[in-house]
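K.L.:
Sequence and predicted structure, then a few things I'm wondering about:
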Amino acid sequence: MLDDFLLRAALAGVGVALAAAPLGCFVIWRRMAYFGDATAHAALLGVALALSLDLPVFSGVLVVALAMAVIVAGLNGRNVSTDALLGVLAHGALAIGLVAVSLLPNQRVDLSAYLFGEILAVTRGDLAVIWGGAAISIGLLVWRWQALLSATLNPDLATASGLNPKREQLILTLALAVTVAFALKVVGALLIAAMLIIPAATARPFSRSPETMAITAAVIGMISTLGGLAASFAFDTPTGPSMVCVAAVLFATSTGMAAIFRR
């Protein structure tokens with residue numbers, strides 16, 4: 001069954017959607033959209049690190065994503081606003097990654113594959129990495145769901161209940177780093193943040209509880225992935241951007257429907 005490249009692509013996209021969309025709910029609730037974007041942009045620096053050390057790309061991206069989280073946590077509030085810090089780190093890491101990849105000796109790297117994804121070239125090994133990473137990310141969210149939710153909604157009340165909001169923030173950051181690392185192959189560094197944010201934002205108007213929003217976002221993410229794959233096959237368009245386009249259309253539709261229902 002896995003010899004069919006379209007089937008492998010569909011399985012890879014579904015794996016990314018199942019992990020990224022629920023995680024995107026916390027990104028929206030905590031207003032961490034720019035942080036997710038910065039982590040995704042830093043992924044290209046991880047690619048350069050992995051290629052220079054002859055390591056798997058997943059490991060290089062994961063290391064850089066975790067380093068980004070540690071740097072942001074360490075420098076946050078030290079005479080630099082969070083938005084400015086994330087802007088500098090996001091674009092600085094992207095630029096350094098692009099330069100580093102171009103300087104690699106004896107390496108001819110197709111940057112478009114890392115920037116926009118190469119889902120149609122997913123192998124069986126890539127599927128194992130994607131679904132393994134998705135299992136880790138989803139497992140972290142399920143394991144700490146109530147604690148993460150409490151720390152997100154009211155950090156002071158969470159502290160009074162014996163929880164450590166900083167620890168929950170670290171767990172969320174770890175899940176985000178893992179998701180960025182394994183999603184690179186599917187949608188690329190420039191579009192990972194879109195698959196985190198757009199399905200969750202689409203689900204928000206029609207959800208009455210956090211759990212419903214997470215499940216709805218996962219379904220919307222899978223529809224966007226499969227719809228983008230079908231559109232790419234039908235119209236011969238880039239697959240990763242096509243997925244994001246379908247997600248954007250769903251978001252526009254849901255926003256319009258929500259406005260009509262409110263009236």
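P.N.:
Structure received.

K.L.:
measure stretch 145-159 end to end?
P.N.:
Start to finish, the residues bounding stretch 145-159 are 16 Å apart (CA to CA, to the nearest Å).

K.L.:
buried residues in that stretch?
P.N.:
Buried residues in stretch 145-159, counted by 16 or more other CB atoms under 10 Å: A147, L148, L149, S150, A151, T152, P155, A158. No exception for glycine: its C-beta is placed from N, CA and C like everyone else's.

K.L.:
swap in stretch 209-220?
P.N.:
P210, M213, A214, I215, T216, A217, A218, I220.

K.L.:
Output these in TSV, with distance to A258 and pLDDT appended to each entry.
P.N.:
Formatted as TSV, the buried residues of stretch 209-220 follow (distance: CB to CB, whole Å; pLDDT from 0 to 100):
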residue	distance to A258	pLDDT
P210	18	91
M213	13	93
A214	18	93
I215	18	94
T216	13	94
A217	15	94
A218	19	94
I220	14	95
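
K.L.:
Would you enumerate the residues in contact with F58?
P.N.:
A50, V129, G133, A181, F182, L184 (CB atoms under 8 Å, 6 or more residues apart in numbering).

K.L.:
how much space between the fourth one and L250?
P.N.:
Taking CB to CB, to the nearest Å as the measure, A181 falls 26 Å from L250.

K.L.:
more neighbours, these two?
P.N.:
More crowded of A181 and L250, by other CB atoms under 10 Å: A181, with 28 against 20.

K.L.:
quick one: what helix or strand has the nearest residue to R204 once chain neighbours are set aside in it?
P.N.:
Of all residues not flanking R204 in the chain, M213 sits nearest, at 6.0 Å (CB to CB, 6 or more residues apart in numbering). If you go by DSSP states H and E, M213 is part of helix 210-235.

K.L.:
what's the angle from whatever helix or strand comes next after that helix to helix 210-235?
P.N.:
Next in sequence after helix 210-235, counting helices and strands by DSSP H and E, comes helix 239-262. Put simply, helix 239-262 runs at 130 degrees to helix 210-235, going by axes from the mean of the first three to the mean of the last three CA atoms, to 10 degrees.

K.L.:
Identify the farthest-apart pair in the buried residues of stretch 209-220.
P.N.:
P210 and I220 (15.5 Å; CB to CB).

K.L.:
tally of neighbours for L94?
P.N.:
L94 has 20 nearby residues by other CB under 10 Å.

K.L.:
let me fix that: G256
P.N.:
Per other CB under 10 Å, the neighbour tally for G256 reads 10.

K.L.:
and the residue nearest to C25 when sequence neighbours are not counted, what pLDDT?
P.N.:
Among residues not flanking C25 along the chain, A200 sits closest, at 4.6 Å (CB to CB, 6+ apart). Here, the pLDDT recorded for A200 equals 93.

K.L.:
ok, now how distant is A200 from G13?
P.N.:
Separation of A200 from G13 (CB to CB): 17 Å.

K.L.:
one step back: and the buried residues of stretch 145-159, which is closest to L103?
P.N.:
For those, the nearest to L103 is L148 (40.0 Å; CB to CB).

K.L.:
wait, what's in contact with that closest one?
P.N.:
F26, L141, E168, I171, L172.

K.L.:
Who are the contact partners of the third one?
P.N.:
In this case it means E168. R144, A147, L148, A151, T152, A158.

K.L.:
Distance-wise, check the second one relative to L163.
P.N.:
Read it as A147. Relative to L163, and taking CB to CB, A147 is found at 5 Å.

K.L.:
Report the secondary structure state of L163.
P.N.:
At L163 the chain is in coil, as set by DSSP: H, G, I helix; E, B strand; the rest coil.

K.L.:
And for it, the neighbour number?
P.N.:
L163 has 18 nearby residues by other CB under 10 Å.

K.L.:
cool, and P105?
P.N.:
5.

K.L.:
Check the secondary structure at it for me.
P.N.:
Using three-state DSSP, the structure places P105 in coil.
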